[in-house]
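In: from the sequence below, what's the structure:
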Amino acid sequence: MACQLCPRDTAGRLCTPCATRLGRHLADLPPLYAALAAYLRPSAQAADRLGTRPTAPADAPLPVDLDVLDLIGPGGAVTVLETWRQALHEDLELHWPDPWGHPDGRLLRAARGLHQHMGYIRLDWPAAGDFAREVRQLHAAATRHVAPTDRLTDRPTVVGHHPDPRPGDSAPCGGRLELPHGAAHVRCARCGAAWGPLQWLQLRRALEHARAEAGQLAA
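Out: Now for the predicted structure:
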């Protein structure tokens, strides 16, 4: 039987290297998750990314990093692990404890609860491959922010979508707003508009206004 993650032969659902990696990822996720909050605002990373002190005023942080928000917000890493833990408990016909407490604690309990059943996951759980694959994706996404590798540090940080209209158009541009690696300006990937550090507060307010209008329309 082939491993559900790689071409290696195995007696169960996952081969030994893939199961070992899954266990390590589950152990890593709680401290990675706890560290992600410090990376929510890209301005908090400016000194590390640019090699200089941030030039923006202290009260003008960049809008939140959407990639980090996706990980620590609703539907992020906590929800993913709790959903997998619930599925595992249902398959094992075990009691599923209701989630409670701070997200950090919820993720820690979910990761530990899953890790406790690594033997079953590796040998018998039909969903082992899909589970391990999603945990690997979460681990890679969190590591990209907390402990980036040289291969990934050139990826831009996404801070939102351009809320202003392009010249000659009344509709919002909608392009991805990116902070390129090694740059001090946020740029729109679609129209090329740019905001320097002294304009971050203006950009943040524009994005908040756009989100508020979108919320009113949805209501």
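
In: any buried residues in stretch 5-13, and which?
Out: Neighbour counts using 16 or more other C-beta atoms under 10 Å place 5, 10, 12-13 of stretch 5-13 among the buried residues. Heads up, the C-betas are built off the backbone N, CA and C, glycines and all.

In: what is the nearest of those residues to Q202?
Out: Using C-beta to C-beta, L5 comes nearest to Q202 of the buried residues of stretch 5-13, at 46.7 Å.

In: which residue packs closest to that closest one, ignoring adjacent ones?
Out: If the residues on either side of it in the chain are set aside, L5 comes closest to C18, at 4.5 Å by C-beta to C-beta, 6 or more residues apart in numbering.

In: state the pLDDT value of that neighbour.
Out: Looking at C18, its pLDDT reads 94.

In: can you check R85 too?
Out: R85 is given a pLDDT of 94.

In: which stretches in this structure count as strands?
Out: 157-161, 176-179, 186-188, 194-195 (DSSP state E).

In: send me the second one as CSV with only the CA atoms.
Out: Which is strand 176-179. Listed next in CSV are the C-alpha coordinates belonging to strand 176-179 (Å, rounded to 0.1, in the frame of the first residue of the first chain):
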residue,chain,number,x,y,z
ARG,A,176,-4.1,43.6,-4.2
LEU,A,177,-2.1,46.0,-2.0
GLU,A,178,1.3,44.6,-1.4
LEU,A,179,4.4,45.6,0.7
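
In: partners of it in the sheet?
Out: Strand 176-179 sits in its sheet next to strand 157-161 (antiparallel), strand 186-188 (antiparallel), going by DSSP bridges.

In: redo those as a markdown table? Include mean neighbour count and mean pLDDT.
Out: Listed next are the strands paired with strand 176-179 as a markdown table, based on neighbours: other C-beta atoms under 10 Å; pLDDT from 0 to 100:
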| stretch | mean neighbour count | mean pLDDT |
| --- | --- | --- |
| strand 157-161 | 21 | 77 |
| strand 186-188 | 22 | 84 |
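
In: what sits against the residue nearest the centre of the chain?
Out: Within the chain, the residue whose C-alpha comes closest to the C-alpha centroid is L71; the distance, by C-alpha atoms, centre = their mean, is 3.2 Å. Under the criterion of C-beta atoms under 8 Å, 6 or more residues apart in numbering, the neighbours of L71 are 33, 36, 77, 138, 141-142, 145.
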